[in-house]
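Participant: Could you look at this predicted model? Sequence included:
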Amino acid sequence: MRSAHVDPLSLGVLEAPGAYGCALAIGEGKAPVTTRLRWPALRLLAAKEELVRRMPGRIIGETTDADGRRGFV
């Protein structure tokens, strides 16, 4: 099982980690614009379908993306 640490901004240009065989992907980033005393941050954890049940945390919500596909948060 392979994993990758990715820069979220690079995913708009480079291949997704799943395309080169990674089962897990993690990453973090910060917005270039500052707010008062804090930097907005982004963190991600993604897994292939067969590993989703082994991921830590809890599902607290459900949403749909722009293409109408279901997603969990």
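Facilitator: Looks like it arrived, so ask away.

Participant: ok, the residue positioned nearest the centre of the chain to T63 distance?
Facilitator: When C-alpha atoms, centre = their mean is applied to the chain, the residue found nearest the centroid is L44 (3.3 Å). Separation of L44 from T63 (C-beta to C-beta, to the nearest Å) stands at 15 Å. Every C-beta, even on glycine, is put in place using the N, C-alpha and C of the backbone.

Participant: Also E28?
Facilitator: 21 Å.

Participant: In terms of neighbours, single out the busier of those two.
Facilitator: Ranked by neighbour count (other C-beta atoms under 10 Å), E28 and T63 place E28 first, with 13 against 9.

Participant: Spell out the secondary structure type for the more buried one.
Facilitator: Following DSSP: H, G, I helix; E, B strand; the rest coil, E28 is assigned to strand.

Participant: Contacts only, for the closest residue to it other than its chain neighbours.
Facilitator: Leaving aside its sequence neighbours, E28 sits nearest to R43 (C-beta to C-beta, 6 or more residues apart in numbering; 4.7 Å). Contacts of R43 were listed using C-beta atoms under 8 Å, 6 or more residues apart in numbering, and they are 26-28.

Participant: Ramachandran coordinates for R43?
Facilitator: When quoted as degrees, to the nearest 10, the phi and psi of R43 stand at phi -130, psi 140.

Participant: P17 - how many residues pack around it?
Facilitator: If we define neighbours as other C-beta under 10 Å, then P17 has 21 of them.
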